[in-house]
Structures are given as structure tokens and as C-alpha cells.
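K.L.:
Below are the sequence and a predicted model; questions follow.
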Amino acid sequence: MAGDNTLEFTESNFDAEVMSSDQPVLVDFWAPWCAPCRAVGPTVDAVADKYAGKAKVGKVNIDEHPAIAAKFGVQSIPTIIVVKDGAVSETFVGIRDEDTLSESLESAGATA
């Protein structure tokens with residue numbers, strides 16, 4: 001459930017790929033059984049394509065990596081966070097459109 005430019009964040013790569021990134025990072029917390037997560041998936045993939053090389057966009061499967069979800073207090077999915085310089089700059093719960101996610105990444109310093 002990911003496009004060509006959409007990364008998979010795991011417990012083994014999360015700190016390096018997200019928290020230590022020199023680019024803004026959009027993280028989609030999802031699960032395969034979650035219908036709204038599947039609905040927002042193509043939007044996240046489109047954002048990943050739009051910002052390829054300028055920001056990181058990826059997904060965390062909360063069933064496989066519950067510790068990451070717990071660390072960020074994720075209680076409902078989909079939850080999408082934007083991380084800039086190792087800190088969460090924005091959090092969205094529920095489905096969001098491409099423009100909203102793009103604006104959030106641009107506010108964090110990405111350029112389309």
C-alpha cells in the first residue's frame with residue numbers, strides 16, 4: 001500500500017529517516033483493516049510523488065510498529081504528522097486532501 005516515492009517507516013529506521021531528517025517528513029499512521037486509511041493512501045502517495053527529493057513521505061503500519069504510534073500518542077487512524085527538525089510541526093486526524101497535506105509540508109520548508 002505505497003507508491004514509488006512513499007517510504008515505509010519502521011522501528012528500525014524511524015529515528016534516522018524521520019527524527020534526524022534534514023528534510024520535512026510527512027508520516028501517515030495507518031493499518032490495512034482501516035477503510036479511511038485506505039481512502040487517504042492514494043492522496044499520501046500523490047504528495048510523495050509531488051515532493052520527491054524535497055521532503056520525505058512515508059507510512060507506519062501501526063499493527064506492525066505499535067511502539068512508534070504509542071510514542072506519538074496516536075489513538076485514531078489515519079493520523080498524519082509532519083516532522084521538521086526532529087519535532088512534530090502539525091498533526092491531522094482523519095482524511096485530509098492533497099492541498100492540506102501539501103500546505104503543511106510547505107509550511108515545514110518543502111518546495112513543490
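P.N.:
Thanks, I have the structure now.

K.L.:
got the phi/psi numbers for residue 60?
P.N.:
Backbone torsions of residue 60, given as degrees, to the nearest 10, read phi -120, psi 120.

K.L.:
Is it in contact with residue 31, as I believe?
P.N.:
No - using C-beta atoms under 8 Å as the test, residue 60 is too far from residue 31 to be in contact (9.6 Å). Backbone N, C-alpha and C define where each C-beta goes, glycine included.

K.L.:
Which strands and helices lie in contact with the helix or strand that contains residue 103?
P.N.:
If you go by DSSP states H and E, residue 103 is part of helix 98-107. Applying 3 or more C-beta pairs under 8 Å, 6 or more residues apart in numbering; DSSP states H and E, we find helix 98-107 packed against strand 25-30, helix 35-50, strand 79-84, strand 87-93.

K.L.:
Look up the closest residue to the residue sitting furthest away from the middle of the chain, ignoring the ones flanking it.
P.N.:
No residue in the chain sits farther from the centre than residue 33, which is 17.8 Å out by C-alpha atoms, centre = their mean. Excluding its sequence neighbours, the residue lying closest to residue 33 (C-beta to C-beta, 6 or more residues apart in numbering) is residue 63, at 7.9 Å.

K.L.:
Now do that neighbour against residue 106, distance only.
P.N.:
Per C-beta to C-beta, to the nearest Å, residue 63 is found 31 Å from residue 106.

K.L.:
Looking at residue 60 and residue 31, which is more packed in?
P.N.:
residue 60 (27 against 16; other C-beta atoms under 10 Å).

K.L.:
any idea how far the more buried one is from residue 91?
P.N.:
Taken as C-beta to C-beta, the span from residue 60 to residue 91 is 14 Å.

K.L.:
re earlier: what sits against the residue nearest to residue 33?
P.N.:
31-33 (C-beta atoms under 8 Å, 6 or more residues apart in numbering).
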